[in-house]
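In: Sequence first, then the predicted structure:
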Amino acid sequence: MEQPNLNYIKSMSDGDKSFENKLISIIKEEYPQEKIVYQKNINSNNYKATAEIVHKLKHKISILGLVKGYNVATDFENNLKDDNILLKEEFEAVLDQITKYLTKL
Amino acid sequence: MNCIIIDDEATARLIISNFCEKVNSINVLEEFPNAIQAIKYLNQNDVDLIFLDIHMPDFTGFDFIQTLKNPPKIILTTSDSKFAIEAFEYECIVDYLVKPITQERFNKAIQKTQNIQAVIEKKGAETNNEEVKDLYVNIDRRLIKINIPSIYLIEAKGDYIYVKTEDQNYTVHSTLKKIEDKLSGDLFLKVHRSYIINLKKIIDIEDNSVLIKKDVVPVSRSNRPELMKRLNLL
């Protein structure tokens, strides 16, 4: 199973630790808020709004190097636009994986 | 280039701003989390380039572009490649960056923007040159319009200059230097301290004189090399 990583962040920081820390700090601040919005929207069956927040979460999934997770998010976002929640569990597993990873950072 | 960044994600704004910092020619003026704030800013400030996220709540990037009367260059940033075709329907959109953006791809987008800007500036300069076809001269308190390409000879005489055109001659209270500054250097050349000629109207050149229409104009020794250089000699 693929693991979240900081490869992308390190590739653009050119070794600038202060930039890395700043970016990680912003992700750690934004990500839980976006996850709450996701949970609120999916629980209220507002799939259009859920698709919007999944789209936003996709960027963080890609920043943290989860290629398969990104594909799951893309498919889930498209499904939601058709009121289909088939990939909900897979997507939420990706979210949980990121939550755990960010806690350790 | 002065730019602004519009993206509802703070993470994305930081990443783009970090890329910008590494490019000398880019100066980030402001960052906005939504398009509405950016519109207010753009009402009072000029920018050369906007990094614009398409996917924003309430007001999308495309909605935003449609509110701009004279949009600057725009580089779209998005997690979706599916808007690419729609994006290129807008003349102001110069590139389309799919997140996560790499520095290499970012640099290409900047290079592309600068190339487009250079072409536009060159075209603008050419248009401006083409537009200056008329010269207004003050004769007896009237401003008379003279079509510049029709001028074939200008001769200085004391405090006056004689401007000879295809249709008419004019006596104007001015100096050769003043009129020389108003004429295109491609078309006109000062061949003598008292004469400026239109190179396209030359009939022939003999020793140190030029025949223009029926006028024989002296060419000074110091100006002759420049005249010869400007001719399409066989």
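Out: Structure received.
In: Would you confirm that A:I42 belongs to a helix?
Out: Yes: looking at A:I42 with DSSP: H, G, I helix; E, B strand; the rest coil, it is inside a helix.
In: Can you report how many residues lie near the closest residue to it other than its chain neighbours?
Out: Spatially, and ignoring its direct neighbours in sequence, A:I42 is nearest to A:T50 (4.9 Å; C-beta to C-beta, 6 or more residues apart in numbering or on different chains). For every residue, glycine as well, the C-beta is placed using N, CA and C. A:T50: 25 surrounding residues under other C-beta atoms under 10 Å in any protein chain shown.
In: right, and B:I26 touches B:I16 too?
Out: No: counting by C-beta atoms under 8 Å, B:I26 sits too far from B:I16 to count as a contact (10.0 Å).
In: who has more neighbours, these two?
Out: Higher neighbour count among B:I26 and B:I16: B:I16, with 25 against 21, using other C-beta under 10 Å.
In: sorry, back to before: tell me the SS of the residue nearest to A:I42?
Out: Three-state call for A:T50 (three-state DSSP): helix.
In: Tell me if I'm right that it and A:Y38 touch.
Out: Yes: in this structure, A:T50 is within contact of A:Y38 by C-beta under 8 Å, at 6.6 Å.
In: Chain A against chain B: which residues are in contact?
Out: Taking C-beta under 8 Å from any C-beta of the partner chain, the part of chain A that reaches chain B is made up of A:8, A:11-14, A:19, A:22-23, A:26-27, A:29-30, A:52, A:55-56, A:58-60, A:62-63.
In: quick one, helices of chain A?
Out: A:7-13, A:17-43, A:47-63, A:67-81, A:88-104 (DSSP state H).
In: which one of the ones you listed lies closest to B:K157?
Out: Nearest to B:K157, of all the helices of chain A, is helix A:7-13, at 70.3 Å by C-beta to C-beta.
In: which residues of chain A score low on pLDDT?
Out: Across chain A, nothing is flagged by pLDDT under 70.
In: How far off centre is stretch B:194-202?
Out: Distance of stretch B:194-202 from the chain centroid (C-alpha atoms, centre = their mean, to the nearest Å) equals 27 Å.
In: can you check stretch B:208-216 too?
Out: 36 Å.
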